[in-house]
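Asks: Got a sequence here, can you model it:
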Amino acid sequence: MCEGGYLRHVLACNPPVDERFIPWKIHGQVVGWLRPWLVEKLAHRPDVFEIRQDVLHMRDDFRDFSARSNALAGVVDWLDEQGLITPPMGELYPVTPAGREAALCVMDRAAAAYFGVRAFGQHLNGYVRLDDGIHMWLGRRARDRLIYPGHLDNMVAGGLPWGVSPEENLRKECAEEAGLSAELAARAVPVGLVSYNRVAERGYRPDVLYCYDLELSPDFRPRNTDGEVESFSLLPLREVARLVRETDEFKLNCNLVIIDFLLRHGYLEPRHEEYLDLAMGLRRPLGAGLSIREQETET
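Replies: Predicted structure coming up:
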């Protein structure tokens with residue numbers, strides 16, 4: 001039985017870090033956090049990495065974006081050959097100490113989680129204004145999905161890989177997941193982001209989700225084209241809020257995107273007992289929970 005409340009989802013995405021993660025630096029900047037077992041393996045790749053004062057450093061020999069990216073691709077293949085990580089997906093993610101524009105190199109999406117690299121995604125709230133208020137379109141994830149099969153999802157959601165602009169990627173995701181035309185997708189309004197720092201099975205996840213709102217006409221019907229969505233439902237916002245508050249029906253990070261929507265559209269007001277914690281908790285700094293541990297390694 002679910003205990004209920006909105007804040008529990010924020011806390012679930014930002015649990016206390018009760019295990020050790022080792023910082024990874026490129027030219028003095030932290031770009032990820034790794035579990036000790038992986039650092040021990042990477043000690044066998046002195047051609048790429050050095051370990052100094054309990055910090056993993058990429059060798060300074062790799063001085064440009066391409067050289068660093070090529071070296072990491074070789075390491076990812078080496079780890080995959082040993083069965084230590086999930087197979088590469090052929091989709092590149094930025095390795096960055098801050099935002100995407102500050103990327104120092106790229107690495108395969110499948111390996112990024114093991115290296116504690118910040119991942120970026122895009123989630124779109126599709127909604128309709130009817131006589132009784134706002135209604136929101138929700139997708140039901142296909143039962144064959146590896147992550148959260150059969151759970152509720154935002155109308156459109158997906159990762160944001162390297163080499164494609166947010167606008168281009170959003171158009172692609174809108175077409176694949178909900179059958180939106182490029183013209184309709186272009187009407188989506190960027191409304192900010194949510195971020196969280198979660199410890200997952202593969203590693204540390206300091207992720208950012210760019211959020212978008214798209215108001216749709218009452219006669220619009222989403223249509224999935226890539227097989228990732230089983231069905232769509234149009235629900236009153238009060239029912240969407242109840243599902244978030246009282247159940248665990250949604251894919252975990254989708255709860256944060258919806259809570260953000262509820263705050264921005266005034267469904268949750270400042271007098272709500274969780275309002276302040278929710279508003280502040282939806283945007284966590286990069287590496288929150290690990291900064292003290294990192295500082296200790298450098299003293």
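
Asks: Tell me how many other residues crowd the closest residue to residue 257 other than its chain neighbours.
Replies: Sequence neighbours aside, residue 123 is the residue nearest to residue 257 in space, at 4.5 Å (criterion: C-beta to C-beta, 6 or more residues apart in numbering). Where you see a C-beta, it was placed from the backbone N, CA and C, and this is true even at glycine. Look at residue 123: counted by other C-beta atoms under 10 Å, it has 26 neighbours.

Asks: now the one 4 residues further on
Replies: Using other C-beta under 10 Å, residue 127 has 20 other residues around it.

Asks: Pull out the buried positions in the helix or strand harbouring it.
Replies: Taking DSSP states H and E as the criterion, residue 127 maps to strand 120-130. The neighbour-count check on strand 120-130 (16 or more other C-beta atoms under 10 Å) flags 120, 121, 122, 123, 124, 125, 126, 127, 128 as buried.

Asks: For residue 73, see how far away the fifth one is.
Replies: Here residue 124 is placed at a distance of 31 Å from residue 73 (C-beta to C-beta, to the nearest Å).

Asks: Over to the last one?
Replies: Look at residue 128 and residue 73: by C-beta to C-beta, they are 45 Å apart.

Asks: Likewise for the third one?
Replies: Between residue 122 and residue 73 the distance, using C-beta to C-beta, works out to 25 Å.

Asks: Residue 257 is in contact with residue 207, correct?
Replies: No: look at residue 207 against residue 257 with C-beta atoms under 8 Å: they stay out of range, at 11.9 Å.

Asks: In terms of neighbours, single out the busier of these two.
Replies: Shown here are residue 207 and residue 257; by other C-beta under 10 Å, residue 257 has more neighbours (26 against 21).

Asks: tell me the pLDDT at the more buried one?
Replies: Note for residue 257: predicted pLDDT of 98.

Asks: Quick one: name whatever helix or strand follows the strand or helix carrying residue 214.
Replies: Element membership for residue 214 (DSSP H and E) is strand 204-215. Counting by DSSP H and E, the next helix or strand C-terminal to strand 204-215 is strand 229-236.

Asks: So which bits of that following strand are buried?
Replies: Of the residues in strand 229-236, those buried (16+ other C-beta under 10 Å) are 229, 230, 232, 234.

Asks: before we move on, the earlier item: I'd like to know how far the residue nearest to residue 257 sits from residue 224.
Replies: Between residue 123 and residue 224 the computed distance is 16 Å (C-beta to C-beta).

Asks: you'd agree residue 254 is in a strand?
Replies: No: going by DSSP: H, G, I helix; E, B strand; the rest coil, the assignment for residue 254 is helix, not a strand.

Asks: Would you mind confirming that it is in contact with residue 155?
Replies: No: using C-beta under 8 Å, residue 254 is not in contact with residue 155; the gap is 10.2 Å.

Asks: got the domain boundaries for this structure?
Replies: The chain breaks down into these domains under automatic domain parsing: 7-14+119-281, 22-115.

Asks: Now residue 224: phi and psi?
Replies: Backbone torsions for residue 224, taken as degrees, to the nearest 10, come to phi -80, psi 140.

Asks: who's in contact with it?
Replies: Residues near residue 224 by C-beta atoms under 8 Å, 6 or more residues apart in numbering: 139, 176, 177, 178, 179, 230, 232.
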